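S.K.: Generate coordinates for the sequence data below:
(chains A and B)
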Amino acid sequence: MALINYAAREINCKIVYYGPGLSGKTTNIKYIYERLSPTIKGKLVSLATEQERTLFFDFLPVDLGTIKGFRTRFHLYTTPGQVFYNASRRLILKGVDGIVFVADSQRDRMDENIESLENLQENLSFYNMKLEEIPFIMQYNKRDLPNIATIEELEKALNPWKVPYFEAIATQGKGVFETLKEISLRVLKHLSQRAPT
Amino acid sequence: MKNETSLFEEEFYEIINILKKLLETSNSKTVLLIDKAGQLIASAGDTRDLDLLSFSTLSAADFAATSQLAELIGEKEFSSLFHQGEKESLYISMVAERVILAVLFDKRTTLGLVRVRVKHAASELERVFNRIFEKIKKPVKEEKRLFDEEFTKEAEEEIDKLFG
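M.R.: Model (predicted):
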């Protein structure tokens, strides 16, 4: 739920990185945090366990600049991937403006990807939202590992909507900014498409 | 379904005034109004040493988690949340079922006073928000002016500049 303040001239949007446990959502956000200039990023907040597994979320505010005189800011969130944290995951989707699904490309993780994608749709329906109606893209992560599924297999199993996908190696930063750029564009375009004409 | 929350000048300044009044009458340090998604709507008082974005996100998450706890024990909601610190304390409550009001205060006041003043401010804020939510159901001229082709073009340029 974008927050548009016409008096303070601000636009705030929420982007959520979703996906199964250990697919690399936090790695994406951490890489973005490390690479962005301090003038445009806020503090990285991580609510994680002692083993560095996301417990509730990671949060990173990014200042996009000024669009038509409106200071535009994106709030990036990750969700905890582990199955038993669903209550937390659902809370984070509240008011979401755009979703990146970070899939683990390894063959033996395909079931977890599918399960997480189904879980995403269930959680969205809790807020009367549908994947088809919000900006949504895929990231196929861990492309450097052995025994990964081909892009064709991943697309067939995970992307019936044919939304754009990005291949990534988040630990090396490959595909991370390409993904962020695409979802940012889609979220802002979506905002203007939904405005009255 | 329209998903955005828009704040217009008239209501925004009205909200600011309500927050300022709450700040004064409750003798608190900082007052923040946050939407359920964790985004700061407005603030009053001393915010110099506060990371407002993180604070807003965590307050909203805190409140959301607490609401889920309420549900687990069969309560509809815990209407407010209180964290007591050695020097400063935090009182969080829900307004108009849609926005979160967070009040930071120290020893110059008491929880009792804060609670009473928050209750009063909440009913004033509720009136303003009901008006806002009525207003944004219909197309508004400010939106037409903001979201045109130029918006998309400038958005693309900014994103290119930032992410290459």
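S.K.: for chain A, what's the longest strand?
M.R.: Longest strand in chain A, counting residues (DSSP state E): strand A:54-67.
S.K.: and that strand, how far from the chain's centre?
M.R.: 10 Å (CA atoms, centre = their mean, to the nearest Å).
S.K.: Run through the helices of the chain in chain order.
M.R.: Answering for chain A, as no chain was given. For chain A, the helices defined by DSSP state H occupy A:25-35, A:86-92, A:110-126, A:151-158, A:176-194.
S.K.: I was after chain B.
M.R.: In chain B, the helices defined using DSSP H lie at B:9-26, B:52-72, B:111-135, B:141-146, B:149-163.
S.K.: which one of those has the lowest average pLDDT?
M.R.: Least confident of these, judged by mean pLDDT, is helix B:141-146 with a mean of 84.
S.K.: what comes up buried for that helix?
M.R.: For helix B:141-146, burial by neighbour count (16 or more other CB atoms under 10 Å in any protein chain shown) applies to B:142-143, B:146. C-beta here means a position set from N, CA and C on the backbone, and glycine is covered the same way.
S.K.: Using CSV, write out every CA atom in that helix.
M.R.: Extracted in CSV, the C-alpha atoms of helix B:141-146 (Å, rounded to 0.1, in the frame of the first residue of the first chain):
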residue,chain,number,x,y,z
LYS,B,141,-7.2,16.0,-9.0
GLU,B,142,-3.9,15.8,-7.2
GLU,B,143,-3.4,12.2,-8.4
LYS,B,144,-4.2,13.1,-12.0
ARG,B,145,-1.6,15.8,-11.8
LEU,B,146,1.1,13.6,-10.3
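S.K.: State the number of residues packed around the residue in chain B that chain A sits nearest to.
M.R.: Chain A sits closest to B:A37 of chain B, with a gap of 2.6 Å, by CB to the nearest CB. For B:A37, the count of nearby residues is 24 (other CB atoms under 10 Å in any protein chain shown).
S.K.: for the nearest residue to it once chain neighbours are set aside, phi and psi?
M.R.: Of all residues not flanking B:A37 in the chain, A:G95 sits nearest, at 2.6 Å (CB to CB, 6 or more residues apart in numbering or on different chains). Dihedral pair for A:G95: phi 70, psi 20, per degrees, to the nearest 10.
S.K.: Please tell me I have it right and A:I32 contacts A:D58.
M.R.: No: contact between A:I32 and A:D58 fails when scored by CB atoms under 8 Å: they sit 10.4 Å apart.
S.K.: Return every residue with contacts to both of those two.
M.R.: A:L76 (CB atoms under 8 Å, 6 or more residues apart in numbering or on different chains).
S.K.: sorry, back to before: so what's the residue of chain B closest to chain A up against?
M.R.: A:1, A:3, A:14, A:75, A:94-96, B:60.
S.K.: could you dump those to TSV with distance to B:T5 and neighbour count?
M.R.: As requested, the contacts of B:A37 are exported to TSV (distance: CB to CB, whole Å; neighbours: other CB atoms under 10 Å in any protein chain shown):
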residue	distance to B:T5	neighbour count
A:M1	6	19
A:L3	5	24
A:K14	12	26
A:H75	14	24
A:K94	12	19
A:G95	9	24
A:V96	13	25
B:A60	13	24
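S.K.: Which one of these is nearest to A:V102?
M.R.: The closest of these to A:V102 turns out to be A:V96 (CB to CB; 14.8 Å).
S.K.: For the closest residue to the closest one other than its chain neighbours, the count of nearby residues, please.
M.R.: Spatial nearest neighbour of A:V96, chain neighbours left out: A:V16 (4.9 Å); criterion: CB to CB, 6+ apart. Number of residues near A:V16 (other CB under 10 Å) recorded here: 25.
S.K.: And A:V16, how close does it get to A:V163?
M.R.: 15 Å (CB to CB, to the nearest Å).
S.K.: And A:L117, by the same measure?
M.R.: 12 Å.
S.K.: okay, those two: which has more neighbours?
M.R.: Between A:L117 and A:V163, counting by other CB under 10 Å, A:L117 is the more crowded of the two (21 against 17).
S.K.: wait, the more buried one sits on A:D104?
M.R.: No: in this structure, A:L117 is not within contact of A:D104 by CB under 8 Å, at 11.8 Å.
S.K.: OK, now which residue of chain A is nearest to chain B?
M.R.: Closest point on chain A to chain B, by CB to the nearest CB, is A:G95, at 2.6 Å.
S.K.: circling back to that earlier point, looking at the helices of chain B, which is closest to B:A102?
M.R.: That would be helix B:52-72 among those, by CB to CB, at 4.7 Å.
S.K.: Need the helices of chain A in TSV (columns: mean pLDDT and distance to B:V31).
M.R.: Below are the helices of chain A laid out as TSV (pLDDT from 0 to 100; distance: least, CB to CB, whole Å):
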stretch	mean pLDDT	distance to B:V31
helix A:25-35	96	29
helix A:86-92	91	24
helix A:110-126	97	31
helix A:151-158	98	45
helix A:176-194	93	29
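S.K.: Looking at the ones you listed, which is nearest to B:L69?
M.R.: The nearest among the helices of chain A, by CB to CB, is helix A:86-92 at 9.5 Å.
S.K.: For the closest one, which helices and strands make contact with it?
M.R.: If you count contacts as 3 or more CB pairs under 8 Å, 6 or more residues apart in numbering or on different chains; DSSP states H and E, helix A:86-92 packs onto strand A:54-67, helix A:110-126, helix B:52-72.
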